[in-house]
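[1] task: produce atomic coordinates for the following.
(one chain, ligands or ions: 1)
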Amino acid sequence: MMRYTGLIENYKDRLPVSESTRIISLGEGNTPLIRLDNIPREMGKAVDIYVKYEGLNPTGSFKDRGMTMAVTKAVEAGSKAIICASTGNTSASAAAYAARAGIKAFVLIPEGKIALGKLAQAMIHGAVIIQIKGNFDDGMRLVKEVADHAPVSIVNSINPYRLQGQKTAAFEIIEELGFAPDYHCLPVGNAGNISAHWMGYTEYKEYGKVNNTPKMLGYQAAGAAPFIKGSMIDDPDTIATAIRIGHPQSWDLAWNVQKESGGWFDSLTDEEILAAQKLLTEKEGIFCEPASAASIAGAMRDIKSGKIEEGSKVVCTLTGHGLKDPDTAISQCKDEMININPVMDEVRDAILNNM
Ligand code: F0G
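    Numbers count the residues shown, from 1 in each chain. Below is the predicted model of the structure:
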């Protein structure tokens with residue numbers, strides 16, 4: 001049996017690398033596709049829902065798929081430093097892959113608006129953290145400007161190698177199921193990932209691996225929903241900080257995906273997003289971060305309304321691990337904790353009263 005050594009090695013005939021390319025990998029990709037059990041049954045709807053648990057990538061998000069490609073190509077081009085703006089996960093991934101490559105990472109993050117786990121990752125991997133008094137969109141604008149004035153390679157999803165790496169998630173889904181799903185649901189921020197998935201699905205169809213492609217469904221947070229508004233937003237806000245983005249970088253690409261695939265965009269309130277996150281943890285044992293739960297929240301709403309028909313096969317991408325944002329998780333449940341004295345009677349009562 002061959003040891004799994006990451007997605008570039010696995011798909012090197014479909015990625016822009018050569019035999020001499022030094023691959024920078026942490027064993028990313030090959031994530032579980034888990035079929036939901038309790039949630040569809042309790043909804044009383046005959047749909048197959050699978051979640052692609054991208055939180056199990058090396059740094060806990062799908063960003064690693066793109067980052068292995070972006071950093072591999074930056075190193076191949078002789079770059080000694082990478083830079084990104086980030087709502088958190090890209091910075092964590094860039095920091096880790098830069099460490100692996102032995103190059104420098106500069107990350108611009110919005111002050112006070114990145115989840116604790118992501119900040120810890122960027123810091124411990126030794127990235128230079130530049131906190132800005134502004135949001136992700138400000139950071140992205142600055143990164144594009146500064147790249148003309150300093151020797152740094154941009155590893156945001158405007159770097160085409162990022163999407164090349166991320167398209168492999170669609171390959172894995174097709175190989176595992178033996179077909180493409182009817183619907184693929186994703187949370188949308190910059191819309192790079194939904195565009196990358198569509199590339200992957202269409203590529204495998206053209207290649208003759210499947211004869212169908214899914215309708216692509218993109219879900220945004222209500223306070224950060226430029227695709228629903230139909231124009232950019234200047235003050236995005238949501239508890240799902242990963243997708244707190246008002247000026248998506250892959251705007252045109254994503255509208256093409258919607259048209260070509262026959263899918264749609266929709267938005268979810270923060271309450272709906274958090275409720276879906278909790279439902280998935282309590283009913284299925286799967287912990288994703290708030291932004292990721294937008295895909296499940298959206299899918300459930302559209303299944304209930306019949307927009308997604310019974311008999312459909314649905315894949316939802318869980319983009320990031322729940323441990324990325326411990327504060328939001330704890331704040332949802334802390335009233336449920338039982339506090340007692342260290343005596344057996346009180347432990348027993350706590351058990352018997354809560355059976
Ligand atoms: N889910 C999570 C957990 C994310 O971190 C992101 C993006 C998305 C969904 C949206 O993906 O931008 O391709 O539409 N996070 C970026 C970051 C912006 O900086 O980590 P998208």
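
[2] is it true that Val51 touches Leu33?
    Yes - using Cβ atoms under 8 Å, Val51 makes contact with Leu33 at a distance of 7.4 Å. Just so you know, the C-beta spots here come from the backbone N, C-alpha and C atoms, and that holds for glycine as well.

[3] near the ligand, which residues of this protein are found?
    61, 63, 86-90, 157, 187-193, 242-243, 289, 291-292, 319-320 (Cβ under 6 Å from any ligand atom).

[4] circling back: what touches both of Val51 and Leu33?
    Common neighbours of Val51 and Leu33, using Cβ atoms under 8 Å, 6 or more residues apart in numbering, are Val315.

[5] between these two, which is the more surrounded one?
    In this view Val51 and Leu33 are compared by other Cβ atoms under 10 Å, and Val51 has more residues nearby, 27 against 16.

[6] quick revisit: of the residues of the chain next to the ligand, which belong to helices?
    63, 89-90, 192-193, 291-292 (DSSP state H).

[7] got CSV for these, with pLDDT too?
    Below are these laid out as CSV (pLDDT from 0 to 100):
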residue, pLDDT
Lys63, 98
Asn89, 98
Thr90, 98
Gly192, 98
Asn193, 98
Ala291, 98
Ser292, 98
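
[8] and the residues of the chain next to the ligand, which are buried?
    Among the residues of the chain next to the ligand, the ones that count as buried by 16 or more other Cβ atoms under 10 Å are 61, 63, 86-90, 157, 187-193, 242-243, 289, 291-292, 319-320.

[9] just the pLDDT at Asp335, thanks.
    For Asp335, the pLDDT comes out at 79.

[10] that one: neighbour count?
    Residues near Asp335, counting by other Cβ under 10 Å: 6.

[11] from the ligand, how far off is it?
    As judged by Cβ to the nearest ligand atom, to the nearest Å, Asp335 and the ligand stand 26 Å apart.

[12] wait, is that residue part of a helix?
    Yes - under DSSP: H, G, I helix; E, B strand; the rest coil, Asp335 falls within a helix.

[13] so what's it up against?
    With contacts defined as Cβ under 8 Å, 6+ apart, Asp335 has no neighbours.

[14] having no further points to raise, I will conclude here.
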